[in-house]
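Asks: what's the 3D shape of this:
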Amino acid sequence: MSQTQHFETSAAGSPDKVAEFDYKASFGKRIQNALHDTPSLVPMVVLFVSIAIFGLLLGAKFFSPFALTLILQQVAIVGIVGAAQSLVILTAGIDLSVGAIMVLSSVVMGQFTFRYGLPVEFSILCGLGVGTLVGFVNGWLVAFIKLPPFIVTLGMWQIALAINFLYSANETIRSQEIDEVAPLLHFFGETVKIGGAVFTFGAIFMVLLVLLLAYVLRQTAWGRHVYAVGDDPEAAELSGVNVKRMLISVYMLSGLICGFAGWAMIGRIGSVSPTSGQLSNIESITAVVIGGISLFGGRGSIMGMLFGALIVGVFTLGLRLLGADAQWTYLLIGVLIIGAVAVDQWIRKVSG
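Replies: Below is the predicted model of the structure:
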């Protein structure tokens, strides 16, 4: 018998091997489909595994209500800004100005209250309005002038930072002054006890915001249009979606959320500082990417972004309690970012 005949006979007479191959292929396909349908699955598993590992290494010290709620408090600002970033990235854009909008909104709230003597409630509304206005400008430039989101928001980042420093004269409004004149600015920094855990209103707001946006994105026409624009804007336009209006609404809502993040940041750090929150744009993108939201738009879950932010918080606190060098945190987060993008590419290639 020739080698060719032997091979054909072996292949034909090995149904178990063929079945095994088909099983492996279908098993891999099922995993890819599951990840495609539930993008937050991977970050959720990574989060639970991370908690379990640090729990084994640190024991009760890590699983204490204080430690777990501290993680939530530490990621509150990143989570709120990450929610704003998620909306933009779902439309296949990116917003590098979210941190600058957040800081500018907080400066407006503080300066309107202390420089002009306006009621703190009105000052807060003005800060939220400024954030929404900057978001509108970003959206208009992207939707109507057709400029790339990266370029638009990179420029707006520089503009907002410059306005921030020029308007505030680089002066910090201290915590004691705020407590005496406008304690409402510290609202998101106030705490409430639930059992043995202590939560800030900022952390509670972050969780409620993510849950609300998760519902809106999945259960409303506006949310479905966000995904449609990110997946294929031309197809969305042909199906009756006003793409320009959608993009402007997304960037405006992102700016408004950044305004709330500015208010929460005042409560978190206790003061109004024009130099705070400078890395929030990078931190928000990190949470979004680790959370499984595709940078190509149209796919992902805002709950995944929350898991991504919590993963960073778990690694930061866990390594700190272990006494490890802070650089290990950046190294591991860098690995997670690259891994998350690789998984996204794998899912897109096979599911496409």
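
Asks: Please name the residues that touch Asn164.
Replies: Asn164 sits next to Ala100, Val103, Leu104, Val107, Pro274 when contact means Cβ atoms under 8 Å, 6 or more residues apart in numbering. Where you see a C-beta, it was placed from the backbone N, CA and C, and this is true even at glycine.

Asks: Counting only helices, which of those make the cut?
Replies: Ala100, Val103, Leu104, Val107 (DSSP state H).

Asks: Can you tell me which of these are classed as buried?
Replies: Ala100, Val103, Leu104, Val107 (16 or more other Cβ atoms under 10 Å).

Asks: so what's the second one closest to, chain neighbours aside?
Replies: Just to be clear, that refers to Val103. Among residues not flanking Val103 along the chain, Gly277 sits closest, at 4.9 Å (Cβ to Cβ, 6 or more residues apart in numbering).

Asks: Tell me how many other residues surround the one you found.
Replies: 25 (other Cβ atoms under 10 Å).

Asks: give me the low-pLDDT residue ranges for this structure?
Replies: Scanning the chain for pLDDT under 70 picks out the ranges 1-28, 31-37, 348-352.

Asks: that older thread, from the ones in helices among the contacts of Asn164, which single one is nearest Val152?
Replies: Ala100 (12.8 Å; Cβ to Cβ).

Asks: Report the contact partners of that closest one.
Replies: Met156, Trp157, Gln158, Ala160, Leu161, Asn164, Asn281.

Asks: which non-adjacent residue is nearest the fifth one?
Replies: It refers to Leu161. Using Cβ to Cβ, 6+ apart, the closest residue to Leu161 is Ala100 (4.9 Å).

Asks: Next, work out how far apart the one you found and Gly308 are.
Replies: 22 Å (Cβ to Cβ, to the nearest Å).

Asks: One more: Lys146?
Replies: Distance from Lys146 to Gly308, counting by Cβ to Cβ: 30 Å.

Asks: if you count what's nearby, which of the two comes out ahead?
Replies: Using other Cβ under 10 Å as the criterion, Lys146 and Gly308 rank with Gly308 on top: 35 against 8.

Asks: For Phe144, which residues are in contact?
Replies: Lys244 are the contacts of Phe144 under Cβ under 8 Å, 6+ apart.

Asks: Same check on Val241?
Replies: His225, Ala228, Val229.

Asks: do the same with Leu133
Replies: Leu133 neighbours (Cβ under 8 Å, 6+ apart): Gly255.

Asks: name the element it belongs to?
Replies: Applying DSSP states H and E as the criterion places Leu133 in helix 120-143.

Asks: So for that helix, what gets flagged as buried?
Replies: By neighbour count on 16+ other Cβ under 10 Å, the buried set for helix 120-143 is 120, 123-124, 126-128, 130-132, 134-143.

Asks: following that helix, which helix or strand shows up next?
Replies: Of the helices and strands lying after helix 120-143 in sequence (DSSP H and E), the nearest is helix 149-168.

Asks: buried ones in stretch 282-298?
Replies: For stretch 282-298, by 16+ other Cβ under 10 Å, it's 283-295, 297-298.

Asks: thinking again about what came up before, just the closest of the contacts of Ala100 to Ala60, please.
Replies: Asn281 (36.6 Å).

Asks: Need the ones in helices among the contacts of Asn164 in TSV (columns: distance to Gly55).
Replies: As requested, these are exported to TSV (distance: Cβ to Cβ, whole Å):
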residue	distance to Gly55
Ala100	37
Val103	36
Leu104	40
Val107	40
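
Asks: Quote the end-to-end distance of stretch 285-297.
Replies: 13 Å (Cα to Cα, to the nearest Å).
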